[in-house]
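>>> Have a look; sequence and predicted model below, questions after that.
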Amino acid sequence: MPQPAYVIDRLISAKTIAARIETLAQEIEAEFAGTEKLVVVGLLRGSFIFIADLVRELSLPVEVDFVEASSYGNAMQSGREVRILKDLQGDMAGRDVLVVEDIVDTGHTLAHVLDLLRARRPARLKTIALLDKPSRRETDISADWIGFDCPDAFVVGYGIDYAQRNRALPYIGTVRFTAS
Ligand code: 5GP
């Protein structure tokens with residue numbers, strides 16, 4: 001199906017993202033100081049660039065794992081029913097785990113993944129989200145670390161897509177539809 005015409009307005013620059021990740025990495029290092037090996041769990045697919053940049057800023061030993069969840073709904077609206085498309089590979093029991101999400105919107109995805117992880121009995125479970133849309137929340141979930149508060153707009157770039165496009169943009173932008 002042809003996509004409607006749109007432009008992307010820059011919201012957060014690559015430089016601003018990099019600076020924020022440096023600060024977040026320091027806070028995470030302080031929180032997990034002494035951890036033998038932190039398991040950093042990325043939520044596919046939107047977090048793949050964020051997790052890559054974040055782990056390279058951490059001077060802790062890390063293991064990386066991924067889980068893929070999908071919520072029913074169309075491309076611009078996240079839904080309530082969350083399904084696990086790809087489960088973790090590793091055993092989380094007794095481990096220190098950091099879950100990395102791209103955007104917390106309604107919060108249903110993160111809540112579902114955290115339930116899944118808690119059932120695996122990690123020693124510690126923390127969460128980080130690059131973007132937070134608190135005005136859209138339908139759950140009482142909030143990430144332990146947040147990169148940036150985000151307006152109630154549809155964003156793309158830095159790993160985040162619109163219909164599988166725009167993931168490779170180095171910055172985060174908002175999608176604005178143009179009359180065709
Ligand atoms: P939630 O379950 O919190 O409502 O939705 C979280 C997921 O919805 C995110 O991981 C992301 O995949 C998707 N999402 C929420 N807001 C946006 C957005 O502005 N742009 C894109 N591309 N995806 C979004």
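Received it, and whenever you're ready, just let me know what you need.
>>> is the ligand contacted by stretch 139-158?
Yes. Judged by Cβ under 6 Å from any ligand atom, stretch 139-158 comes into contact with the ligand at 154, 155, 156. From N, CA and C alone the C-beta is placed, and that goes for glycine too.
>>> any chance of these in JSON lines, plus secondary structure and pLDDT?
Shown next, in JSON lines, are the residues of stretch 139-158 next to the ligand (DSSP: H, G, I helix; E, B strand; the rest coil; pLDDT from 0 to 100):
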{"residue": "154", "secondary structure": "coil", "pLDDT": "97"}
{"residue": "155", "secondary structure": "strand", "pLDDT": "98"}
{"residue": "156", "secondary structure": "strand", "pLDDT": "98"}
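>>> Residue 19 and residue 124, how far apart?
Residue 19 sits 27 Å away from residue 124, going by Cβ to Cβ, to the nearest Å.
>>> what does this structure have sitting close to the ligand?
When proximity is defined by Cβ under 6 Å from any ligand atom, the chain lies next to the ligand at 46, 71, 78, 101-110, 154-156, 160-162.
>>> In strands only, show me the residues you listed.
Secondary structure assignment by DSSP state E places 71, 101, 102, 103, 104, 155, 156 of the residues of the chain next to the ligand in strands.
>>> what number of residues lie near the first one?
As a burial measure, residue 71 scores 16 neighbours (other Cβ atoms under 10 Å).
>>> what's the answer for the last one, then?
The number of residues packed around residue 156, counting by other Cβ under 10 Å, is 22.
>>> again with the second one
Look at residue 101: counted by other Cβ under 10 Å, it has 27 neighbours.
>>> Mind listing the residues bridging to the spatially closest residue to it that is not a sequence neighbour?
Using Cβ to Cβ, 6 or more residues apart in numbering and skipping the chain neighbours, the partner closest in space to residue 101 is residue 129 (4.4 Å). Counting by DSSP bridges, residue 129 is bridged to residue 101, residue 146.
>>> close enough to count as contact, residue 129 and residue 147?
Yes. If you go by Cβ atoms under 8 Å, residue 129 and residue 147 touch, sitting 6.9 Å apart.
>>> what are the ranges of the helices in this protein?
In the chain, the helices defined using DSSP state H lie at 14-31, 48-57, 108-118.
>>> Pass me the low-pLDDT residue ranges in this protein, would you?
By pLDDT under 70, the low-scoring segments of the chain are 1, 72-79, 180.
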